[in-house]
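**Student:** Need coordinates for the following:
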Amino acid sequence: MAKLTKQQKEALAKFDKSKIYSLTEAVDIVKKITYTKFDASVDLNVRLGVDPRKANQMVRGSVTLPHGTGKVARVLVLCTPDKAQEAIDAGADFVGLDDYIQKIKDGWTDIDVVITTPNVMPKVGALGRILGPRGLMPNPKTGTVTMDVAKAIQEVKAGKIDFKVDKYGIIHAGVAKVSFSNEQIIENAFELIHTINKLKPTAAKGAYVKSIFISSTMSPGVQIEPKSVTH
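**Tutor:** Numbers count the residues shown, from 1 in each chain. This is a model prediction of the structure:
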């Protein structure tokens, strides 16, 4: 770990791990206590009061962050040759079908998003065991199984991210880079939380958003008061 500067030590001393902050305060703290030499990612962890093992309490969706993620997504389009040119023109990084399916079966997953068309889903379905756990499996609900391949690619490149509650009831998502302005991080974080809020399953009982933490790649998590961003 990098040696802390005097400023960073002071920032860490000002930050109380047991305290709950507003989103504005939390973003300010994360920026002050991040001391990586690279442009660290800013992540949100949202713990929900749902039982993800029950289908009617599954929370998943996608959101277009107003300021993008700060990272250029590598997009693979699995499609038949008639759609290949459309995918290339729209900015896909990799385009193909059988060759890439084999490549993924052989262990290649150096991509951020997989987009496919409905007619090849039977072939792509065989990759579920590999793509599923990595959050890469295309899904019609998030717009990654579609005939409009160009639109799907453009949305991803513009900062659209998919999210899904894990088996512990937590949604993890990268929403910005530390180099973003405080305002940009706040707006991106708010957009994600607002979208999660709208997806509250009717079967979920009690408090829906239980806790929210924001952190950067190397910083401790700073807790955000859910009421400050969910109403």
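**Student:** Verify the contact between Ile171 and Asp43 for me.
**Tutor:** No. Look at Ile171 against Asp43 with C-beta atoms under 8 Å: they stay out of range, at 10.6 Å. (Glycine included, C-beta is placed from N, CA and C.)
**Student:** Compare the two and say which one has the larger neighbour count.
**Tutor:** A direct count of neighbours by other C-beta atoms under 10 Å for Ile171 and Asp43 places Ile171 higher, at 24 against 19.
**Student:** Leaving aside the residues adjacent along the chain, what's closest to Lys210?
**Tutor:** In space, and not counting its chain neighbours, Lys210 is closest to Arg47: 4.5 Å by C-beta to C-beta, 6 or more residues apart in numbering.
**Student:** and if you look at Ser179?
**Tutor:** Using C-beta to C-beta, 6+ apart, the nearest residue to Ser179 is Asp39, at 4.8 Å.
**Student:** measure that neighbour to Lys123 for me?
**Tutor:** For Asp39, the distance to Lys123 equals 37 Å [C-beta to C-beta, to the nearest Å].
**Student:** backbone phi and psi for Lys177, please?
**Tutor:** Reported as degrees, to the nearest 10, the phi and psi values for Lys177 are phi -120, psi 150.
**Student:** May I have the beta-bridge partners of it?
**Tutor:** Beta-bridge pairing of Lys177, defined through DSSP bridges, involves Ser41.
**Student:** So which residues of this structure form strands?
**Tutor:** Here the chain has its strands, by DSSP state E, at 20-21, 41-48, 60-64, 75-78, 94-96, 113-116, 160-164, 170-177, 209-216, 222-224.
**Student:** Of the ones you listed, which is nearest Gly143?
**Tutor:** Judged by C-beta to C-beta, the one of the strands of the chain that comes nearest to Gly143 is strand 60-64, at 6.3 Å.
**Student:** residues in contact with the closest one?
**Tutor:** 139, 141-143, 155, 158-165, 191-192, 195-196, 199 (C-beta atoms under 8 Å, 6 or more residues apart in numbering).
**Student:** what's the answer for stretch 47-56, then?
**Tutor:** Counting by C-beta under 8 Å, 6+ apart, 57-59, 165-171, 196, 201-212 sit against stretch 47-56.
**Student:** Filter the residues you listed down to the buried ones.
**Tutor:** Neighbour counting over the contacts of stretch 47-56 (16 or more other C-beta atoms under 10 Å) leaves 57-59, 165, 169, 171, 196, 201, 204, 208-209, 211-212 as the buried ones.
**Student:** Could you export these as a markdown table, including pLDDT and distance to Lys71?
**Tutor:** Output for the buried ones among the contacts of stretch 47-56, formatted as a markdown table (pLDDT from 0 to 100; distance: C-beta to C-beta, whole Å):
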| residue | pLDDT | distance to Lys71 |
| --- | --- | --- |
| Gln57 | 94 | 30 |
| Met58 | 91 | 26 |
| Val59 | 93 | 23 |
| Val165 | 93 | 22 |
| Gly169 | 95 | 26 |
| Ile171 | 96 | 18 |
| Ile196 | 96 | 21 |
| Pro201 | 95 | 30 |
| Ala204 | 89 | 31 |
| Tyr208 | 95 | 29 |
| Val209 | 95 | 26 |
| Ser211 | 96 | 26 |
| Ile212 | 97 | 22 |
